[in-house]
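1. give the three-dimensional model of this entry:
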Amino acid sequence: MDNTPPAVPAPDSSRHGHVPWPAAPLLDDGVFSPQRVKAEREQAYFNDLYLLAPVAYFVLGLDGAIVQMNLVAAELFGLPRARPGHVLFRAYVHEAFRHDYEQFVQRVLNSSEPERIQLQVRLRPGAQEAGLPVSLLGSADPNGQALRLVLEQAEGKLAALERSEERFRRIVHSAEEGIWEIDAQALTSFVNPKMAHMLGCQIEDMLGRPLASFMDEEGRAILERNIARRQDGIAERHEFKFVRRDGSALWATLATNPIFDAAGAYLGALALVSDITAQREASGRIWQQANFDQVTGLPNRHMFLDRLHNEARRARREGTCLVLLFIDLDHFKQVNDRYGHEKGDLLLRQAARRISERVRATDTVARLGGDEFTVILAGVAQLGGIERVVQELVAALAMPFALDDDSAQVSASVGVALYPADADSVDTLLRHADQAMYAAKNGGRNGYRYFTPALQQAAELRRNTVRDMRLALAQDQFELHYQPIVSLHDGGIARAEALLRWRHPLRGLLAPAEFIGFAEANGLITDIGDWVFRQAVRQAQQWQAAYGASFQISINKSPVEFRGDAALYQGWPEHLRREGLPPGAIAIEMTEGVLLDEARQVNERLRQFRAMGLALALDDFGSGQTSLACLKKFDIDVLKLDRSLVGALGQGDAELALCEAIIALAQRLGLKVVAEGVETAAQRDLLRAAGCDYAQGYFFSGALPAGQLERLLGAQPAA
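-> You can find the predicted model right below:
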């Protein structure tokens, strides 16, 4: 419900042109009921200028009863404005004109444009005096729940109107609130003395100037967004920041209404301006002091607890993980004792900035007091991500702090607790994070501890694994094995899937499941993925030269790589050209989750790979929610049937029919189909009969080192 004030013409033009309509108060259910209008709405209407306008306004219910009127209308008919009772407007219409009036009402209710009628009214119902000729301008409320009337005398003026117009002029010029009128180009056409005084200007200095010239950039942006709404006839109330003549800020509320001419053309707008600078500054100071730390500007304990409760509720509702970091600066007391509290505060401000720079903008960093900080990490999907953040925080807080002419060095002890894994309430979570922080202090400071011992052990394993992976990249400990992909038409090896292995110096040959998760969580996956791509390109170039230009190698890409920066792949096109590989020699395999990810980076990455001439293959089809239409949308080349579908072959007709349908539809879309996990001759034969193009699995061969696969390729008859 819009309670903003209607437009009132400037004093010198109130008798000419179209007079805008006051808004009728409707309840939320759309039913008009003045008895139920809330007190604050009545107060808002009272403050609107239309109450004092020099014309008579009426709002009628659908039954024709007067439900609202302004002062002129109440004085004209001798009615109490606040509670007029159930009084029909037609009772004031002269008997000879009532039929015309009823037809006029019907025209108004059925028309989208204002209607006008000339008739006579009596100032008291049933009185015998001669009727007064008047003009009624009527319009239906946009919601269809009320009728709006403006009453003007056809010849001469009513005494009440004359008195009210004079009163209106007096009020406008002596009002304690600013009145500002602009034309259709948003140029100032009228201001009252109060408005000019509020801005520290002379009235003549303001006339003809754009409204926006009195605002800062923020105010101008709000004004531009709302000028179109005013032209659409929408009355609004906003807070704006104006700039006074001396450069100081003037915060004000503007209750604006559009002004139209008789033809409905937009003429401008009228605003009632209230100075709220003092209230805004006072409330801002109170809110800031209640919620923010005065030294660092971070949220204080009060706001931290409020956000922690909110994030905990959201984690429960969405089934996600919430992580709380409890940070205590080591040796901070010595800094205060040696350099004084002023420089101690300077160190705290720098520490707050370092912490904030190493977490997401959506996370909450707070200072609880003294040298204690907290961080709320919401919606964490993997523990490895926590690890990286905590390591960066500890490293950043261990660096020297510049304190004007002095320098100081502290460190940090960090406690980590997870919700709901480590606690079933916010209070317990706080206590457990605090206990973990003290465990970090007792462990030698300058480090971190998880509340749960098992998590601490897992963290140490992740740290060691990530360190070893960096070393593995530098020392060429990674290698690619290749699983043959066999053509079901002739039995030859036509393709191969590259599978990453890590030949660890102590743990032996490791499969991806033992280390890929750590690589994804710590950002190493992009470096490893780049190494895999370049190795596969080199191998594809060799095998195409030896065994045919159609040989293709597919490589797997983590969903994390699809969301990465496009700059990571800028060198790939040049590498492909240098090796002389034809389009389609390398296929990028992705999971169904990638196609369902609506992130902008994912779509950009798919287009980028396509532009390089890389083929796209969808892995594990049938295990998720991807549709065949989705395959066409993203221009997929190869569909790989999930091993669960292949493993069910031979168990019943339904399983075979499902595979046959997927194969047929995929091929109709121009896709090649590869069946994964083929382990028996019966599965191979059923797939061949169903028209499947390729198959891979232990029935043919597991993943082999490049040399062993090359011997198999060499043993095949020449194509």
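2. all strands of the stretch 1-150 of the chain, in order?
-> Counting by DSSP state E, counting those that start in this stretch, the segments of the stretch 1-150 of the chain that form strands are 56-60, 66-69, 115-121, 132-140, 147-153.
3. hmm, residue 56 is touching residue 76, no?
-> Yes. Using Cβ atoms under 8 Å, residue 56 is in contact with residue 76, at 5.4 Å. (C-beta placed from N, C-alpha, C; glycine too.)
4. find the residue at the geometric middle of the protein.
-> Residue closest to the average C-alpha location in the chain (Cα atoms, centre = their mean): residue 362, at 11.4 Å.
5. hmm, back to that, now the strands of the stretch 1-150 of the chain as a markdown table including mean neighbour count, mean pLDDT and distance to residue 304?
-> Output for these, formatted as a markdown table (neighbours: other Cβ atoms under 10 Å; pLDDT from 0 to 100; distance: least, Cβ to Cβ, whole Å):
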| stretch | mean neighbour count | mean pLDDT | distance to residue 304 |
| --- | --- | --- | --- |
| strand 56-60 | 24 | 87 | 50 |
| strand 66-69 | 24 | 87 | 49 |
| strand 115-121 | 17 | 91 | 61 |
| strand 132-140 | 19 | 88 | 53 |
| strand 147-153 | 20 | 84 | 52 |
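6. can I get those strands in TSV with distance to residue 418?
-> TSV is the format used below for the strands of the stretch 1-150 of the chain (distance: least, Cβ to Cβ, whole Å):
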stretch	distance to residue 418
strand 56-60	60
strand 66-69	59
strand 115-121	69
strand 132-140	61
strand 147-153	61
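7. SS state for residue 378?
-> strand (DSSP: H, G, I helix; E, B strand; the rest coil).
8. quick one: residue 320 from residue 631, how far?
-> Counting by Cβ to Cβ, to the nearest Å, the gap from residue 320 to residue 631 is 30 Å.
9. compare these two and say which one has the larger neighbour count.
-> Legend: neighbour count by other Cβ atoms under 10 Å for residue 320 and residue 631, higher for residue 631 (22 against 15).
10. who's in contact with that one?
-> Going by Cβ atoms under 8 Å, 6 or more residues apart in numbering, residue 631 touches 618, 639, 666, 669, 671.
11. pLDDT wise, what is it at?
-> pLDDT, residue 631: 74.
12. that one: which element?
-> Element membership of residue 631, judged by DSSP states H and E, is helix 628-633.
13. next secondary structure after that helix?
-> strand 638-641.
14. quick one: list the elements packing against that following strand.
-> strand 615-621, helix 653-668, strand 672-675 (3 or more Cβ pairs under 8 Å, 6 or more residues apart in numbering; DSSP states H and E).
15. deepest of those, which one?
-> Of the helices and strands packed on strand 638-641, the one with the most neighbours on average (mean count of other Cβ atoms under 10 Å) is strand 672-675, at a mean of 26.
16. okay, that strand in CSV with CA atoms only?
-> Written as CSV, here are the backbone C-alpha positions of strand 672-675 (Å, rounded to 0.1, in the frame of the first residue of the first chain):
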residue,chain,number,x,y,z
LYS,A,672,29.6,-41.3,-30.2
VAL,A,673,28.8,-43.7,-27.3
VAL,A,674,31.4,-45.3,-25.1
ALA,A,675,30.4,-48.0,-22.6
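17. against which helices or strands is that strand packed?
-> Judged by 3+ Cβ pairs under 8 Å, 6+ apart, strand 672-675 is in contact with strand 638-641, helix 653-668, strand 694-695.
18. can you pull the contacts of residue 60?
-> Neighbours of residue 60 in contact, by Cβ under 8 Å, 6+ apart: 66, 67, 89, 146, 147, 148, 149.
19. residue 654 versus the first one, what's the distance?
-> Between residue 66 and residue 654 the computed distance is 74 Å (Cβ to Cβ).
20. re the thing from before, which of the contacts of residue 631 sit farthest apart?
-> Using Cβ to Cβ, the contacts of residue 631 span at most 11.7 Å, a distance reached by 618 and 669.
21. now the farthest one out in the chain, which residue is it?
-> Ranked by distance from the centre of the chain (Cα atoms, centre = their mean), the top residue is residue 128, with 67.3 Å.
22. tell me the pLDDT of that one.
-> pLDDT, residue 128: 71.
23. can you give me phi and psi for it?
-> Main-chain dihedrals, residue 128, degrees, to the nearest 10: phi -100, psi 0.
24. roughly how far apart are it and residue 89?
-> Counting by Cβ to Cβ - residue 128 and residue 89 are separated by 20 Å.
25. just residue 190 next, same as before
-> Distance check for residue 190 against residue 89: by Cβ to Cβ, it reads 33 Å.
26. find the nearest non-adjacent residue to residue 494, please.
-> Closest residue to residue 494 apart from its sequence neighbours, by Cβ to Cβ, 6 or more residues apart in numbering: residue 487 at 4.5 Å.
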